[in-house]
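Enquirer: using only what follows, build the 3D model:
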Amino acid sequence: MSDAQENTELGYEQARDQLVEVVRELEAGGLSLEQSLSLWEKGEHLAKVCERHLEGARERIETALKSVEDDEEPAAGDGQ
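Expert: Next up is the predicted model:
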C-alpha cells in the first residue's frame, strides 16, 4: 500500500499528528530540496485528509441541528 493510500485510511487525530510532525521536520531545516518537497507533498495530503474528516463532522453536526430544529417547530406552533 502506498503512503497516499495509507494516509486516506487515517483517522483525523492520526493525520493531524503526522501533519504536526511534518511541519516540525520542515521547520527544523537541514533537509535536501528533494526531501523538503517530499515532506511538503506529504503535508499537503495529510491536510486534505484532515479537511475531509472535518467536513464530514461539519455535515453530521448540521444534519443533527436541522433534525432538532425540525422536531422543535411543531411544538412551537402548538402553543399559538
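
Enquirer: grab the most central residue of this structure for me.
Expert: With distances taken as Cα atoms, centre = their mean, Cys50 lies nearest the centre of the chain, 1.8 Å away.

Enquirer: state the distance from that residue to Glu69.
Expert: 28 Å (Cβ to Cβ, to the nearest Å). C-beta: built from backbone N, CA, C; applies to glycine.

Enquirer: kindly report the same for Arg58.
Expert: 16 Å.

Enquirer: for this protein, name the helix or strand with the lowest mean pLDDT.
Expert: Lowest mean confidence among the helices and strands of the chain (mean pLDDT, DSSP states H and E): helix 3-8, at a mean of 51.

Enquirer: tell me the buried residues in the very next helix or strand once past that helix?
Expert: Note on helix 3-8: by DSSP states H and E, the next helix or strand toward the C-terminus is helix 12-28. For helix 12-28, the neighbour count (16 or more other Cβ atoms under 10 Å) marks 15-16, 18-19, 22, 25 as buried.

Enquirer: dump those to CSV, plus distance to Glu62 and pLDDT.
Expert: Shown next, in CSV, are these (distance: Cβ to Cβ, whole Å; pLDDT from 0 to 100):
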residue, distance to Glu62, pLDDT
Ala15, 22, 97
Arg16, 22, 97
Gln18, 28, 98
Leu19, 25, 98
Val22, 30, 98
Glu25, 36, 97
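
Enquirer: so can I have a markdown table of these showing distance to Ser32?
Expert: Shown next, in a markdown table, are the buried residues of helix 12-28 (distance: Cβ to Cβ, whole Å):
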| residue | distance to Ser32 |
| --- | --- |
| Ala15 | 25 |
| Arg16 | 26 |
| Gln18 | 21 |
| Leu19 | 21 |
| Val22 | 16 |
| Glu25 | 12 |
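
Enquirer: among those, which one lies nearest to Trp40?
Expert: Checking the buried residues of helix 12-28 against Trp40 with Cβ to Cβ, the nearest one is Val22 at 8.0 Å.

Enquirer: which residues touch the residue nearest to the centre of the chain?
Expert: 12, 15-16, 19 (Cβ atoms under 8 Å, 6 or more residues apart in numbering).
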